[in-house]
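Undergrad: Please find the sequence and the predicted model below.
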2 protein chains.
Amino acid sequence: MRTYDRLCDRFRELHHLAGVEELLSWDQQTYLPPKGHGRRGEQLAAMAGLLHRRLTDPEVGGWVESAAEEALTREERRNLELMGWRHRRAVAIPEALATDFARAAATAWEGWRAARKHDDFSRFAPHLERVVALATERGRCLAGGGDPYAGLLEEYEPGLDPATLERLLVPLAEGLAHLARRVADSPTTLSAGPLLGDFPERGQWALAQRLVRAMGFDLDGGRLDNAPHPFSSGSLGDVRLTTRFRREDLREGIGSIIHEAGHGLYEQGLDPEIADLPVGAPLSMGLHESQSRLWENQVARSRAGAQWLLGELKAVFPDRFATIDGEAIYRALNVVAPGLIRTDADEVHYNLHICLRWELERRLIAGDLEVAELPAAWGEAMGRWLGVEVVSDRDGCLQDVHWTSDFGYFPTYALGNLYAAQLYAAAQPALPDLEAQIAAGELTPLRDWLGAKVHRTGSRLAQAELIEAVTGAPLSERPLLASLEAKVGALYDLG
Amino acid sequence: MRTYDRLCDRFRELHHLAGVEELLSWDQQTYLPPKGHGRRGEQLAAMAGLLHRRLTDPEVGGWVESAAEEALTREERRNLELMGWRHRRAVAIPEALATDFARAAATAWEGWRAARKHDDFSRFAPHLERVVALATERGRCLAGGGDPYAGLLEEYEPGLDPATLERLLVPLAEGLAHLARRVADSPTTLSAGPLLGDFPERGQWALAQRLVRAMGFDLDGGRLDNAPHPFSSGSLGDVRLTTRFRREDLREGIGSIIHEAGHGLYEQGLDPEIADLPVGAPLSMGLHESQSRLWENQVARSRAGAQWLLGELKAVFPDRFATIDGEAIYRALNVVAPGLIRTDADEVHYNLHICLRWELERRLIAGDLEVAELPAAWGEAMGRWLGVEVVSDRDGCLQDVHWTSDFGYFPTYALGNLYAAQLYAAAQPALPDLEAQIAAGELTPLRDWLGAKVHRTGSRLAQAELIEAVTGAPLSERPLLASLEAKVGALYDLG
């Protein structure tokens, strides 16, 4: 047995333990009884401690060094590189910090939920203070004493540094802000009316099931449940999507389930031979987000996608959609208007929401913003970035779950949008019948193309290599801006 | 910090990790997608390996020795004893055996489910062979090379040896067989008719919720879900009951939810100060089973219990129960007749089912019975013990989930029945209004008495001490036999 193989066994074990952690967290957000949260925090802390101990085990460091001397294939060498990277990052974090962080995040989740329910930021504030302090400490450890935000960012987007991120997001934000102003000045308006009304949850569940099946999501290897903040978790034969519905507005349910199913297809599409090793795992959060965004935006918000959706809507709500045409659905899905809620945002404003969070979380982590000042800072930033007035913390700084544990995560949403636009632009020439297929609800050719180009690749290539290999160019904000300018320009008669 | 406290910290961690294992298993039996079972087995194996490693850690053995020299309270000394016992038992089992067993049990569960679904024993046989082999090996390790069945038995009922068990179960079986023959010879018959009909699942769910609430089960600290084989899991603020319904027969749903809620009350009633230490944990499987059985049999199958149930039934199915009286419900719940299915059995035949399994599992573990011969042996034993003919493996040796992992567990059901009868006989003089309270649906006085006498005690006392302390006598088959002879004798006019 090579040392390399021994190392792989350890990482397979770690993979399974991480799967256990994911289940604990899924359960916490779906079925855990209210009084179970305290103990769940203890369980998550115990798991985090164990994982940390197994990963930082000095034996692992020794194996990484010895394995480097062994005869390895190219794929094995890449896997070894990733294993070493994970080991070194874990070693940088003291065990007590790892367990404290897990415990704090679990109780912060419950605090956030209560604060949001009662629209009372003070219930979340002490939790947030603790999480910010621990995240900052964690980031500092990961950055070897340098910029903590850089350390955190790399957790979700390996290899990405704050300067590169800035070079992508600043021109993106400028371009989108300019487009948003042109839409605001346009006399043309679009109506969401065709998707508004009264849609009982039972029908929306049926619709969600139809949508994920059409996308090729395998429900024998996955589930669909309700959660206050939709997410997906798990991989291969156990991928769990969660969603939520709004009775009076179908856009919430449609958007969230297509989004989560996009994540789910990535996880179901991993190469099962290597999926439990770092080399077979999803590459980064940004790339993961690209898979959800591509289905949500490039597919479902296209003219062809609207045609597909109309067919599904007619099957579930036949009377309501009898006289509505695809163009009306297309327009309803592409209303551009600033708003308070990130997850409700159109494609033009969405990334401005991200830039707002990116700004505020950098300030929190840098110590330039106190938690107590967050509601006011959020209000000021909303005015500046989106021109809207915040009316409540529930629809302000309490709207997102992320800061119960994740800092440096939000920017990956914007990266996901960039990856998605660039990947979809590459899919179009590769699949000449793509639009006709989408309009007909034949979505598996696209799923299979993404499977071959992205899902099955896992982490064999780094993001930059993968994007170059699939699209022929490095990541840029231009494909997204170009496609949005074309689509929105036409819809709003921007000339 | 005393060494004792350090040891407690380790056992708290182990408790939380065991809670994680319980959740994995709960999820497997409720919500896990079909294709997720393979990986769940790997996750359970990884967890079992970790728990085993943390528990067998040589440091732990050293701490146990050092702590014995420290100044400890009586409760702490008992806790130390239990911690040492668990450590020594774990050390007796090699780690590879612990992980192999967990993996085999998880895949056996899926094999059992498929075999039962298709009524095809051959789908379960290879799994069962593997589990029997591993359980035998495990039992042998636990018994220090002696009788493997003795080693397994003690896992569920600490301190119980096969000879003591035999001294209780043989006279119990004789007494029950005698009573069963007298009932069979009686010209009197009882009818289950009042509880048969067509009861949609929605109504049965509502009934189940009412029943557990009436018993004082806290649904903010627990859940109720469906499972093919009902069970309960978790403790304190996260206790999960599962149940199943039969559309045409309310007895299934009523019996199973009251049974599981009895288990659940034990877990919710533990002393929160020490519930995550061995001294605060439930004492044994037999005692656990006594808490479910007491509610299912002594309470719900009494005349007063029937009165309570009638009230709940009228609330949920008002038309159906408008003209039915408590006596009819009482008789319907006490029909005595031999049958194929253990979980459907009346109180007289139930323990004969247990004796059958006790006999067969001892033969499997002793190597006197091959797995391939099990269906035939089951058929022969059913004729001998219960006088019924087995028509299918689904309703024969595939009916129970237990042998996917647990050998030596079934006898604890019979012990539970003995404990329950003896405890209830002690509750009656202690709670003079008990029957009137039960009839009125006021069940919390009984819950609180059990809480004070059993639940909060945890493992501060051994079973024999607890039974002596609460009932004034050692465990015996006589209270159960006496109460059944009285009840069944009167109902069947046995004179």
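TA: That came in fine, so what should we check first?
Undergrad: Please make it C-alpha for all contacts and neighbour counts, starting now.
TA: Noted.
Undergrad: Write out the residues of the stretch 1-150 of chain A neighbouring chain B.
TA: A:13, A:16-17, A:19-20, A:23-24, A:32-36, A:39, A:42-43, A:46-47, A:50 (Cα under 8 Å from any Cα of the partner chain).
Undergrad: Only whichever of the residues you listed are buried, select them in ChimeraX.
TA: Listed next is the ChimeraX selection for buried residues among those, using 16 or more other Cα atoms under 10 Å in any protein chain shown:
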select /A:13,16,17,19,20,23,24,32,33,35,36,39,42,43,46,47,50
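Undergrad: Tell me which of the residues of the stretch 1-150 of chain A next to chain B fall in helices.
TA: A:13, A:16-17, A:19-20, A:23-24, A:39, A:42-43, A:46-47, A:50 (DSSP state H).
Undergrad: Next, give me the two most distant ones among those residues.
TA: Farthest pair in those (Cα to Cα) is A:13 and A:39. Separation: 24.0 Å.
Undergrad: and the nearest residue to residue A:188 once chain neighbours are set aside, what is it in contact with?
TA: Using Cα to Cα, 6 or more residues apart in numbering or on different chains and skipping residues adjacent in sequence, the residue nearest residue A:188 is residue A:492, 5.5 Å away. Counting by Cα atoms under 8 Å, 6 or more residues apart in numbering or on different chains, residue A:492 makes contact with A:183, A:186, A:188, A:189, A:190.
Undergrad: gap between residue A:492 and chain B?
TA: Distance, residue A:492 to chain B, using Cα to the nearest Cα, to the nearest Å: 45 Å.
Undergrad: Over to residue A:256?
TA: 21 Å.
Undergrad: burial count for that residue?
TA: When neighbours are counted by other Cα atoms under 10 Å in any protein chain shown, residue A:256 registers 24.
Undergrad: Check residue A:227 too.
TA: The burial count for residue A:227: 18, using other Cα under 10 Å.
Undergrad: Equivalent analysis for residue A:197, please.
TA: Around residue A:197 there are 12 residues (other Cα under 10 Å).
Undergrad: That one is in contact with residue A:317, isn't it?
TA: No: using Cα atoms under 8 Å, residue A:197 makes no contact with residue A:317, being 11.4 Å away.
Undergrad: in stretch A:485-495, what counts as buried?
TA: Buried residues in stretch A:485-495, counted by 16+ other Cα under 10 Å: A:485, A:487, A:488, A:489, A:491, A:492, A:494.
Undergrad: Please tell me how far it is from the chain's geometric centre.
TA: Its chain's C-alpha centre and that of stretch A:485-495 lie 27 Å apart, by Cα atoms, centre = their mean, to the nearest Å.
Undergrad: Also stretch A:158-175?
TA: 17 Å.
Undergrad: can you check stretch A:29-47 too?
TA: With Cα atoms, centre = their mean, you get 23 Å for stretch A:29-47.
Undergrad: First-to-last residue distance for it?
TA: 18 Å (Cα to Cα, to the nearest Å).
Undergrad: And for stretch A:63-74?
TA: Note: stretch A:63-74 ends 18 Å apart using Cα to Cα.
Undergrad: what's in contact with that stretch?
TA: A:2, A:3, A:4, A:6, A:7, A:77, A:80, A:83, A:84.
Undergrad: can you rerun that using 10 Å?
TA: A:2-7, A:58, A:60, A:76-81, A:83-85, A:87, A:460 (Cα atoms under 10 Å, 6 or more residues apart in numbering or on different chains).
Undergrad: and the residues you listed, which are buried?
TA: A:3-4, A:7, A:60, A:76-81, A:83-84, A:87, A:460.
Undergrad: State the distance from the most centrally placed residue in chain A to chain B.
TA: Nearest residue to the geometric centre of chain A (Cα atoms, centre = their mean): residue A:289, 4.2 Å. Per Cα to the nearest Cα, residue A:289 is found 24 Å from chain B.
Undergrad: Tell me the predicted confidence for that residue.
TA: Looking at residue A:289, its pLDDT is 97.
Undergrad: Now do the contacts for it.
TA: Counting by Cα under 10 Å, 6+ apart, residue A:289 has contacts A:259-260, A:262-263, A:266, A:412-420.
Undergrad: now swap in residue A:95 and tell me
TA: A:48, A:49, A:50, A:51, A:52, A:53, A:56, A:101.
Undergrad: Turn these into TSV, columns for pLDDT and distance to residue B:107.
TA: Formatted as TSV, the contacts of residue A:95 follow (pLDDT from 0 to 100; distance: Cα to Cα, whole Å):
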residue	pLDDT	distance to residue B:107
A:48	93	26
A:49	92	28
A:50	93	25
A:51	94	24
A:52	94	28
A:53	94	28
A:56	97	31
A:101	94	34
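Undergrad: can those residues go into TSV with extra columns for distance to residue A:239?
TA: TSV is the format used below for these (distance: Cα to Cα, whole Å):
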residue	distance to residue A:239
A:48	22
A:49	25
A:50	24
A:51	22
A:52	24
A:53	27
A:56	28
A:101	25
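Undergrad: Tell me which two of these sit farthest apart.
TA: A:56 and A:101 (16.6 Å).
Undergrad: What separation is there between the closest residue to residue A:99 other than its chain neighbours and residue B:16?
TA: Spatial nearest neighbour of residue A:99, chain neighbours left out: residue A:45 (4.7 Å); criterion: Cα to Cα, 6+ apart. Residue A:45 is 9 Å from residue B:16, where distance means Cα to Cα.
Undergrad: about what we covered before: from the ones in helices among the residues of the stretch 1-150 of chain A next to chain B, pick the one nearest residue B:270.
TA: Closest to residue B:270, out of all of those and judged by Cα to Cα, is residue A:39, at 14.2 Å.
Undergrad: list the contacts for the closest one?
TA: A:45, A:103, A:106, A:107, B:16, B:19, B:235, B:236, B:237, B:238, B:276 are the contacts of residue A:39 under Cα under 10 Å, 6+ apart.
Undergrad: Please flag which of these sit within helices.
TA: Per DSSP H, the subset of those in helices is A:45, A:103, A:106, A:107, B:16, B:19.
Undergrad: quick one: pLDDT of the closest residue to the third one other than its chain neighbours?
TA: The shortest distance from residue A:106 to any non-neighbouring residue, by Cα to Cα, 6+ apart, is to residue A:41 (4.9 Å). Residue A:41 carries a pLDDT score of 91 in this model.
Undergrad: Understood, closing this out.
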